[in-house]
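Enquirer: pasting the sequence and the predicted coordinates here, then a few questions.
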Amino acid sequence: MAKPTSRSSAKKPKGKHSKNKASAKSPPPSRNAPAADARASTARVEKSFVGDGSIITYLSQLIRFSSFVFDNYKGKLADDHLEKMTEADNKDKEEKNRSRTALRNYVVHAADAIKPLRDGQHHNSFLKIDGDDTLDYDTVVEYMTTKFNVVEVERSCAEKYMKALKLTDPITPEMVVDDGRVRLKVFQSMEQYNGIRSAIGWVYKIARVEMPFAQELGIYIKGITRHIAAAKHLLANW
């Protein structure tokens, strides 16, 4: 005698509704249907030739460089930006803000707002990069010379270093510390100077203006490389 089929193992016939559900397909998306726009603006795309991390580094460098230019060479800042930077600086002075927050924030805003030079559109750079009294090689190099470290080394090492690089500044008694070691000003890391050059070059590139002293500045940077290499070799004990 055949055993009865259990209810749990019995196969249920597929109904018409189940068949239609399995075979149903979603309609293809329509190009006319609403969609969130995940594309960046044209202005933002034009500035995306470097990564966000690099831009943050450039802005940090530009804040310091622009403060130097503002304090020493105001004529090398675009007139409309100079007026607003002066207002920001006055605000910092009124609030006794030694960090110069208002001025720093304005530089970031001005750098982010740079537009490329095109027919009917000026680049609006806050640094004066074309026309009269523009930013030049001497100004950039002068700023770079403000970036140095002071080290204390054996006098014999200091003399070898200065002789190797044909430096003529004498070592005076004021430069000698208690243990006979000598205080020297030396260049910082190459990352510092390359960072300054890259940040300034970034402004020119965004504005679509050729940097007229790029080659000259590159030669200067190579010279710094030689000095840093000599310091590592001859001042290794600092």
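Expert: Looks like it arrived, so ask away.
Enquirer: quick one, what contacts the residue positioned nearest the centre of the chain?
Expert: With distances taken as Cα atoms, centre = their mean, residue 58 lies nearest the centre of the chain, 1.1 Å away. The neighbours of residue 58, taking Cβ atoms under 8 Å, 6 or more residues apart in numbering as the test, are 50, 111, 195, 198, 199, 202. In short, each C-beta sits where N, CA and C put it, glycine included.
Enquirer: hmm, try it at 10 Å
Expert: Each residue near residue 58 by Cβ atoms under 10 Å, 6 or more residues apart in numbering is listed here: 50, 111, 195, 196, 198, 199, 200, 201, 202, 203, 206.
Enquirer: can you check residue 92 too?
Expert: Applying Cβ under 10 Å, 6+ apart, the residues near residue 92 are 98, 99, 100, 101, 102, 103, 104, 105.
Enquirer: quick one: it from residue 197, how far?
Expert: Distance from residue 92 to residue 197, counting by Cβ to Cβ, to the nearest Å: 28 Å.
Enquirer: same deal with residue 113?
Expert: Plainly put, residue 113 is 22 Å away from residue 197 if you go by Cβ to Cβ.
Enquirer: circling back: which ones among the contacts of residue 92 lie within helices?
Expert: In helices, defined here by DSSP state H, the members of the contacts of residue 92 are 101, 102, 103, 104, 105.
Enquirer: separation between the fourth one and residue 85?
Expert: When you say that, I think you mean residue 104. In terms of Cβ to Cβ, residue 104 sits 10 Å off from residue 85.
Enquirer: which one's more surrounded, those two?
Expert: More crowded of residue 104 and residue 85, by other Cβ atoms under 10 Å: residue 85, with 23 against 20.
Enquirer: and residue 113 and residue 197? Which one has more around it.
Expert: The residue with more neighbours, out of residue 113 and residue 197, is residue 197; 19 against 12, by other Cβ under 10 Å.
Enquirer: for the more buried one, what are its contacts?
Expert: Residue 197 touches 61, 140, 144, 211, 214, 217, 218, 220, 221, counting by Cβ under 10 Å, 6+ apart.
Enquirer: right, and the helix or strand after the host helix or strand of it?
Expert: Under the criterion of DSSP states H and E, residue 197 resides in helix 190-207. Downstream of helix 190-207, the next assigned helix or strand under DSSP H and E is helix 214-234.
Enquirer: what's that following helix packed up against?
Expert: On a contact count with 3 or more Cβ pairs under 10 Å, 6 or more residues apart in numbering; DSSP states H and E, helix 214-234 meets helix 137-144, strand 148-153, helix 155-164, strand 182-187, helix 190-207.
Enquirer: dump the ones you listed into a markdown table; add distance to residue 80 as well.
Expert: Below are the helices and strands packed on helix 214-234 laid out as a markdown table (distance: least, Cβ to Cβ, whole Å):
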| stretch | distance to residue 80 |
| --- | --- |
| helix 137-144 | 20 |
| strand 148-153 | 34 |
| helix 155-164 | 47 |
| strand 182-187 | 36 |
| helix 190-207 | 15 |
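Enquirer: with mean pLDDT and distance to residue 170 added, can I get the ones you listed in TSV?
Expert: Below are the helices and strands packed on helix 214-234 laid out as TSV (pLDDT from 0 to 100; distance: least, Cβ to Cβ, whole Å):
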stretch	mean pLDDT	distance to residue 170
helix 137-144	98	23
strand 148-153	94	16
helix 155-164	92	9
strand 182-187	94	11
helix 190-207	96	26
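Enquirer: go through the ones you listed and name the closest to residue 127.
Expert: Closest to residue 127 of the helices and strands packed on helix 214-234 is helix 190-207 (Cβ to Cβ; 5.8 Å).
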